[in-house]
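Undergrad: no FASTA, just this:
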């Protein structure tokens, strides 16, 4: 059997491979913790399946812009960015190397109510993510920085970003002398410090 490949297919494949191997994408670590149902065959009977709820914890690094967009809706056009929590958790469960099958307790493709997700990165990585990868219009640097700070504010309000995002936003406000509220950023940093002391 022969397979034909159009030039467009080749370009798409090269672009995908280039993106996946790009060393320039910021280091973003995602922690996902929650409950799944583990289904496993017991004995030799195919009809005997044991189902057990298990608590799982994943730590993974987003390696490309497409992986970021698979977790967070990149438009930021709604009040809060859409977090594709359920689909992301499903991918993690599907990648488990096990004789058992793991499934979320919710079948909704976008929601996973019993799972907690957190995206962590140092402030410079959050800044680079926004300014290099996500804010891509032709406005001047100050306008782009304002949009980046607003995007970080939405991520923080959604409860998924760590204090590094708040520090990145404050850096942008200071570096570009932005007329942007900073109270919420300072609150996130104070809460993060308070949580570490506890």
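TA: Great, that's in hand. These numbers were taken from a predicted model, which means no experiment stands behind them. Numbering: from 1, shown residues only.
Undergrad: what pLDDT does the spatially most central residue of the chain get?
TA: The residue at the geometric middle of the chain, judged as the C-alpha nearest the mean C-alpha position with C-alpha atoms, centre = their mean, is residue 71 (4.5 Å). The predicted local distance difference test score for residue 71 is 89.
Undergrad: kindly report the same for residue 31.
TA: Value listed for residue 31 in the pLDDT field: 96.
Undergrad: repeat that for the one 4 residues further on.
TA: The predicted structure scores residue 35 at 92 on the pLDDT scale.
Undergrad: show me where this protein has helices.
TA: If you assign secondary structure with DSSP state H, the helices in the chain sit at 7-20, 65-71, 85-94, 123-128, 141-158, 163-175, 183-197.
Undergrad: reformat the ones you listed as CSV; add distance to residue 51.
TA: The way it works is simple: take the backbone N, C-alpha and C, and place the C-beta from them, glycine included. Output for the helices of the chain, formatted as CSV (distance: least, C-beta to C-beta, whole Å):
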stretch, distance to residue 51
helix 7-20, 36
helix 65-71, 28
helix 85-94, 14
helix 123-128, 40
helix 141-158, 32
helix 163-175, 38
helix 183-197, 35
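Undergrad: tell me where the model's unsure across this structure.
TA: By pLDDT under 70, the weakly predicted segments of the chain are 1-23, 45-46, 74, 78-80, 107, 109-110, 194-198.
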